[in-house]
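Engineer: A predicted structure for the sequence below; I have some questions about it.
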Amino acid sequence: MLIAGPALCDTVVQYSLDGTLGNDLPSSLLDDTGSYTATHIQGTAAAVYGTPNPVYNATGTSVYFSGDNCLTIPDQGVGSELDFTPLDEFTIEGFVYPQGDTTRRVFSKYINCYMYTAYD
């Protein structure tokens with residue numbers, strides 16, 4: 001679950017994605033709860049820290065993912081907080097601002113940055 005903002009009581013994973021405007025996203029990111037490290041898999045173009053969301057986090061930054069970049073969190077195993085196998089429903093919260101006429105996968109249990117899904 002990738003969300004941005006203040007951690008809520010039932011939040012398992014949270015990334016604020018704040019960094020220095022214009023800098024590349026690092027190869028690994030510790031989440032805001034201090035529990036999980038995501039690996040940034042860089043594609044053909046760098047993912048960079050971009051302009052903030054003026055309504056939600058005006059003093060922070062965002063991340064501009066271009067091309068085939070992605071973040072992955074290693075499988076924590078059966079019964080872990082990140083084991084989605086027994087769940088029928090779960091919530092993911094995030095701000096996504098698509099640009100251009102492309103589609104991207106926002107969440108996947110499988111590590112495959114090159115799988116795409118359509119959105120309207």
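Structural biologist: Done, it's in. Numbers count the residues shown, from 1 in each chain.
Engineer: For the rest of this, base every contact and every neighbour count on C-alpha atoms.
Structural biologist: OK.
Engineer: contacting residues for L71?
Structural biologist: 38-41 (C-alpha atoms under 8 Å, 6 or more residues apart in numbering).
Engineer: got a markdown table for those residues, with pLDDT, secondary structure and distance to S28 too?
Structural biologist: A markdown table is the format used below for the contacts of L71 (pLDDT from 0 to 100; DSSP: H, G, I helix; E, B strand; the rest coil; distance: C-alpha to C-alpha, whole Å):
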| residue | pLDDT | secondary structure | distance to S28 |
| --- | --- | --- | --- |
| A38 | 88 | strand | 6 |
| T39 | 87 | strand | 4 |
| H40 | 87 | strand | 6 |
| I41 | 84 | strand | 9 |
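Engineer: And the strands in the chain?
Structural biologist: For the chain, the strands defined by DSSP state E cover 28-30, 37-41, 48-50, 62-64, 70-72.
Engineer: Comparing the ones you listed, which yields the minimum mean pLDDT?
Structural biologist: Of all those, mean pLDDT reaches its minimum on strand 70-72 (a mean of 82).
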